[in-house]
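Student: sharing a model prediction with you, sequence too.
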Amino acid sequence: MKPLGYLGRILKAISTKNEKRNLTIKEGNYNEAIEGIYIEDIYINVNNLSQPTDCSQNIPQSSIDKFVGRKKELKLLHQQLQDNDQVTIAHLEGMRGIGKTELAILYSLINLQCNTYPGGICWLSAREQDVGLQIINFVCTHFDLKPPEDLDLPNQVDWCWAHWQNGNTLIVLDDVKNFSDIKPYLPPEASQFKVLITTELQLDLPNPFYLEVLSEQDAIKLLIQLVGSKKVKRKLAKAKELCQHLGYLPLALQLVGQYVKERKISLSKTLKRLKDKELAAPSLNVLENDPTRTLNINRGLAAAFELSWEELSEAAQELGCLLSLFALAPIPGSLVESASLEKDTDKLEKARAELENLHLLQGQDNYQLHQLIQEFLRNKHNNLATGDEQKRNFCTAIVEIAKKIPQALTLSDINSLNSSMPHLAEAATFYQNWFNNEDLTWPFTGLGRFYEGQRAYTQALSWTEQCLSIARECLGDEDLEVAISLNNLGLLYYVQGRYDSAEPLLLQALQQRKKLLGEEHPNVATSLNNLAELYRVQKKYNSAEPLYLQALELRKKLLPEEHPDITTSINNLALLYYLQGRYESAEPLFLQALELRKKLLPEEDPNVAISLNNLAALYAKQGKYELAEPLFLQALELRKRLLPEEDPKVTTSLNNLAALYAKQRREESAEPLYQQALTIAEKILGKNHPNTKTIQKNYEQFQEDKNNY
């Protein structure tokens, strides 16, 4: 259906004195769309623009109701982005509150209607969140693709660019604070991508696009839309003076306009109140050579915020101050509730509604502050009576999130935890003084686990190394948290294959735990097991075995009879025996681990599939095919139900079952499984991944054997 087309959807979002006015614009013509939107007396209700479902996009909601002016800027911006077939970078520069983000949102929405970018519109928040992970999440969510897990983060991003869907694509990098941070993740030069950057910085890029404050004419038009034409035209001189006092900044005009509307007061009275609030605005980091810099801007913006602040109840003021502690990113409602001193949900929702009504808060499911408002509220927080208590509560809530991050992440875990990560980083960076000693390292540990689980080893390593450094600095070298941090850093090196770096750290962790906890403690058993795992993958089986045995003995002695850690030790020892060819020793342990996991874990758990697969592999190695087949089938069925269809563990099960059928000369059953496993592995891991090569080698051997039968 497209009887209205993109223009019909735009017309639903505009308002005009003459409702019968007809606009006829050709489908897909951006410049004509701009002309149609900017007919005299028409303004845009940005958030009413519909968003077609046939284009992959994640354009954020606008934080304003009315958008006036910027017609010339929208045209020039589009021209700059469409100049050639190479990757094109346009960057919007300007001071805070000037409207860079809102212009980028409007540009994106109009082009969404025009279908200018059939390859999608990907919005990336550059200030607080990791750009590389956002690109990967966009590809996973919108294109149902997953980059190979054995690649590091920059190479995973390169893989995403190479596998992007066809057609011109708009990439928006909003609020860039350090160009060097985003540069490694930019699309390749000869490509379909157009990149739009918004920033306060002066970037060393060609053709900068500097966004000025509104003209007086457009500022008056915006004020009319916010407070009504009668009020403005009746006191036009005062309206002009008010706009000048606010420095023609769109954000300040939006806030003051909302204040006038809510309070139902005159422009003269509003102007007088603003002038009485001779406030400095240290939060406004204006560039030194900014031609728009005036004292009125500084005073006006802070005064505008102050007017809204005075309208808030004490509860709403406290909520605003609490929100200012979080990172400048969407804040999950559940995290706010956990951190709030106010536990009455109705009162908390009422305080939130107050902030939203005065446009101090944006967002729907999540909370979101504009950067200027965040800094204003942080200044208010300095004088808050409950300020320290709020910070301690905030840190407690962060620790609760960090403790929920598992060491092995699923896609579901990543999706549920992703929105909390900027706030863990904020707490770890700025609020160390408000953590208890026993909780000090948890935000760093959580962040390390989160990034490690996505193969983002650079970020994981940074947080894990900081964790060790902070623990040593604040707690001393002999503290147990230092031993834990040594262990975590050693394990991170281990999963990266950096065995020489991992071993001394795991040894130090073991020695320190023994010293602080005694020889018989569950954490000592954990360190023994971890060191044994390192020796096993290095094929140092003689070094690994006594450590596995010590860990198992300790766990049996110290833990309940049916503890998951005991099951892990049993499975690991069985795996060692299997690799050594000691099948008679391995079998009873594999059976015991499987029985315990079935008993202790939910009926459908990935760890059960691991045990089924291990036992089946043992039987297949011994030629007990009739015992191996049902176990391989159960493992495959479980993994297909519990894991994404294109998961490496699924390909492992397909390959193992195919190999079993090949040994039985059941070619008709084996071949489609090999083909399926190889197709999935090449797609999700790449042709050069070791697992893909193994499957390819197995399939080629199968073909050769089949021809020789």
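Tutor: Everything's here; your move.
Student: now do the helices in the stretch 1-150 of the chain.
Tutor: Remark: helices assigned in the stretch 1-150 of the chain by DSSP state H, counting those that start in this stretch are 5-11, 30-37, 71-81, 100-114, 131-143.
Student: Throw the ones you listed into CSV and include mean neighbour count, thanks.
Tutor: Where you see a C-beta, it was placed from the backbone N, CA and C, and this is true even at glycine. Listed next are the helices of the stretch 1-150 of the chain as CSV, based on neighbours: other CB atoms under 10 Å:
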stretch, mean neighbour count
helix 5-11, 19
helix 30-37, 18
helix 71-81, 16
helix 100-114, 23
helix 131-143, 20
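Student: save those as TSV, and put in distance to Leu242 and mean pLDDT too.
Tutor: Compiled in TSV, these are given as follows (distance: least, CB to CB, whole Å; pLDDT from 0 to 100):
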stretch	distance to Leu242	mean pLDDT
helix 5-11	30	39
helix 30-37	26	65
helix 71-81	23	86
helix 100-114	21	89
helix 131-143	39	93
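Student: closest one to Asp705 among the ones you listed?
Tutor: Closest approach to Asp705 among the helices of the stretch 1-150 of the chain is made by helix 131-143 (37.8 Å; CB to CB).
Student: which other residues reach the closest one?
Tutor: Taking contacts as CB atoms under 8 Å, 6 or more residues apart in numbering, the residues outside helix 131-143 that touch it are 56-58, 120, 122, 124-125, 145-147, 153-154, 156-157, 160, 163-165, 173, 181-182, 184-185, 411, 414, 418, 454, 456.
Student: could you pull out the strands in the chain for me?
Tutor: 14-15, 43-45, 66-67, 88-93, 121-125, 169-176, 193-199, 209-210, 331-332, 366-367 (DSSP state E).
Student: to Gln407, which of those strands lies closest?
Tutor: So among the strands of the chain, strand 331-332 is nearest, using CB to CB, at 22.1 Å.
Student: for the helices of the stretch 1-150 of the chain, which one sits closest to Thr651?
Tutor: helix 131-143 (17.6 Å).
Student: how close does the residue positioned nearest the centre of the chain get to Cys114?
Tutor: Closest residue to the average C-alpha location of the chain: Asn418 at 4.4 Å, with CA atoms, centre = their mean. Using CB to CB, to the nearest Å, Asn418 is found at 31 Å from Cys114.
Student: contacting residues for Leu145?
Tutor: So Leu145 contacts 139, 160, 163 (CB under 8 Å, 6+ apart).
Student: ok, how many other residues are close to the last one?
Tutor: The reference is to His163. Using other CB atoms under 10 Å, His163 has 13 other residues around it.
Student: quick check, pLDDT for it.
Tutor: On the pLDDT scale, His163 is placed at 93.
Student: nearest spatial neighbour of it, chain-adjacent residues omitted?
Tutor: Nearest non-adjacent residue to His163, counting by CB to CB, 6 or more residues apart in numbering: Leu145, 5.7 Å away.
Student: my read: Ile98 touches Val213, true?
Tutor: Yes - judged on CB atoms under 8 Å, Ile98 makes contact with Val213 at a distance of 6.4 Å.
Student: domain ranges for the protein?
Tutor: 46-210, 214-223+246-278, 314-385, 409-517, 601-709 (automatic domain parsing).
Student: in a markdown table: these, plus distance to Asn571.
Tutor: Formatted as a markdown table, those follow (distance: least, CB to CB, whole Å):
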| stretch | distance to Asn571 |
| --- | --- |
| domain 46-210 | 22 |
| domain 214-223+246-278 | 58 |
| domain 314-385 | 35 |
| domain 409-517 | 18 |
| domain 601-709 | 7 |
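Student: where exactly do the helices run in the stretch 451-600 of the chain?
Tutor: Using DSSP H, counting those that start in this stretch, helices in the stretch 451-600 of the chain cover 457-475, 480-495, 499-517, 522-537, 541-558, 564-579, 583-600.
Student: could you check how far the closest residue to Tyr117 other than its chain neighbours is from Lys231?
Tutor: In this structure, Tyr117 finds its nearest non-sequential neighbour in Leu170, 4.4 Å apart by CB to CB, 6+ apart. Here Leu170 is placed at a distance of 39 Å from Lys231 (CB to CB).
Student: comparing these two, which residue is more hemmed in?
Tutor: Leu170 (23 against 19).
Student: and Val336, what does it touch?
Tutor: Residues in contact with Val336 (CB under 8 Å, 6+ apart) are 319, 322-323, 326, 348, 367.
Student: gap between it and Leu255?
Tutor: Applying CB to CB, the value for Val336 to Leu255 is 22 Å.
Student: repeat that for Ile110.
Tutor: In terms of CB to CB, Ile110 sits 25 Å off from Leu255.
Student: try Leu74
Tutor: Leu74 sits 23 Å away from Leu255 when distances are taken as CB to CB.
Student: and what of Leu612?
Tutor: 61 Å.
Student: repeat that for Met421.
Tutor: Taking CB to CB, one finds Met421 at 30 Å from Leu255.
Student: have a look at the two and say which one is more surrounded.
Tutor: Leu255 (26 against 23).
Student: could you find the closest non-adjacent residue to Ala616?
Tutor: Leu631 (3.6 Å).
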